[in-house]
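Participant: sequence? don't have it. structure:
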């Protein structure tokens, strides 16, 4: 089965959003001479402050599943935003803040430590929201809002594998310090899931390639390649099992310690005489606690493309499986001790199959 992993996204997805709402603001253009903040950034600055680069925000804004889901959750629940005070954690270009202002928020406090906030100030002014959106540059944990409490927190905090380079710990801090009793967080729930795939062609291209490179044995690199999860788009036709919930995060109640976890999984194969090459992780996001109009989106292989794609974990063992046979194990995830930006992910697996039933344990680094 070829082309199970695809490097380019499909056509732009459509979202069921009322057509009478204001169109999504255009993506900010590349910044020219007028912005010293962006012009003077060096390559080193971009490493430490990558979210200052407009290209990252262009990618996120063009992700219609992401952006229109947030828009729908806000605009379809205008009555909850009317005359309320809103906090946007990690505001970027300010698009979510402007959605909140459009929905009737009395004041939106938009916080970001990246240099992109200097452009967000111009965007907010150009769109006539300066009187209702206050932009604050700095770490959420270090700045002081001019109010004691807010009614609603919005944030797009998710990363690859849900938690890679995510800002959820910052959202938790903002929640505990600023959200009033009975307040709302959007989104309020996230579910990390796993399934199995058949992916022979791509595995040969990316992993087995190192066994024979122009006649040379470079299999030492093959072992390294197996340690690095692949973030890419998985075709839904590659999936050969059910999906299993690994962890559900209630953003209204979770603690930072919950973001390091070990959880069991069990998958049942739904296809006969096929090989299992990898496990794939993805996540679903829910906007539903306290909302009359609920919204959900998924980064599943069967769903519309998102910039998060999926995270693929190739296994050492290639196992022939049949319908009804199983693989079970655990997934453990925690920030790397030396570089908390990275995730250390350990997967154990135990196949129960008629051909062979290998068990194994593999460690990965998502970076």
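Facilitator: Yep, that arrived. A quick note: this is a predicted structure, and the numbers were derived from the prediction, not measured.
Participant: quick check, residue 218 in contact with residue 210.
Facilitator: Yes. Counting by CB atoms under 8 Å, residue 218 touches residue 210, with 4.6 Å between them. Placement of C-beta: from N, CA and C, glycine included.
Participant: which of these two has more residues huddled nearby?
Facilitator: Comparing residue 218 with residue 210 by other CB atoms under 10 Å, the one with more neighbours is residue 210, at 18 against 12.
Participant: could you measure from residue 276 over to residue 328?
Facilitator: Distance, residue 276 to residue 328, using CB to CB, to the nearest Å: 13 Å.
Participant: next, count neighbours for residue 118.
Facilitator: 17.
Participant: kindly report the same for residue 325.
Facilitator: Residue 325 - counted by other CB under 10 Å - has 21 other residues nearby.
Participant: can you tell me how far the residue nearest to it when sequence neighbours are not counted sits from residue 83?
Facilitator: If the residues on either side of it in the chain are set aside, residue 325 comes closest to residue 353, at 4.6 Å by CB to CB, 6 or more residues apart in numbering. As judged by CB to CB, residue 353 and residue 83 stand 60 Å apart.
Participant: could you do residue 366 as well?
Facilitator: Residue 366 is 42 Å from residue 83, by CB to CB.
Participant: which one's more surrounded, the two?
Facilitator: Using other CB under 10 Å as the criterion, residue 366 and residue 83 rank with residue 366 on top: 23 against 9.
Participant: could you pull out the helices for the stretch 51-200 of the chain?
Facilitator: 54-62, 64-75, 78-81, 95-102, 116-126, 168-178, 200-206 (DSSP state H, counting those that start in this stretch).
Participant: just those helices: most buried one?
Facilitator: helix 95-102 (a mean of 26; mean count of other CB atoms under 10 Å).
Participant: show me what that one is packed against.
Facilitator: In this structure, helix 95-102 packs against helix 64-75, strand 85-89, strand 107-112, helix 116-126, strand 133-137, strand 150-155, with contacts taken as 3 or more CB pairs under 8 Å, 6 or more residues apart in numbering; DSSP states H and E.
Participant: tell me which of the ones you listed sits nearest to residue 170.
Facilitator: strand 85-89 (6.0 Å; CB to CB).
Participant: pLDDT on that closest one, on average?
Facilitator: Averaging pLDDT along strand 85-89 yields 98.
Participant: hmm, back to that, got the helices and strands packed on helix 95-102 as CSV, with distance to residue 265 columns?
Facilitator: Shown next, in CSV, are the helices and strands packed on helix 95-102 (distance: least, CB to CB, whole Å):
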stretch, distance to residue 265
helix 64-75, 25
strand 85-89, 30
strand 107-112, 35
helix 116-126, 37
strand 133-137, 41
strand 150-155, 28
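Participant: quick one, which of these is nearest to residue 143?
Facilitator: Among the helices and strands packed on helix 95-102, strand 133-137 sits nearest to residue 143 (CB to CB), with 5.4 Å.
Participant: mind giving me the packing neighbours of the closest one?
Facilitator: Taking 3+ CB pairs under 8 Å, 6+ apart as the contact cut, strand 133-137 packs with helix 95-102, strand 107-112, helix 116-126.
Participant: quick check: the gap between the closest residue to residue 197 other than its chain neighbours and residue 200.
Facilitator: Distance criterion CB to CB, 6+ apart; nearest residue to residue 197, sequence neighbours excluded, is residue 238 at 4.2 Å. When distance is defined by CB to CB, residue 238 is 10 Å away from residue 200.
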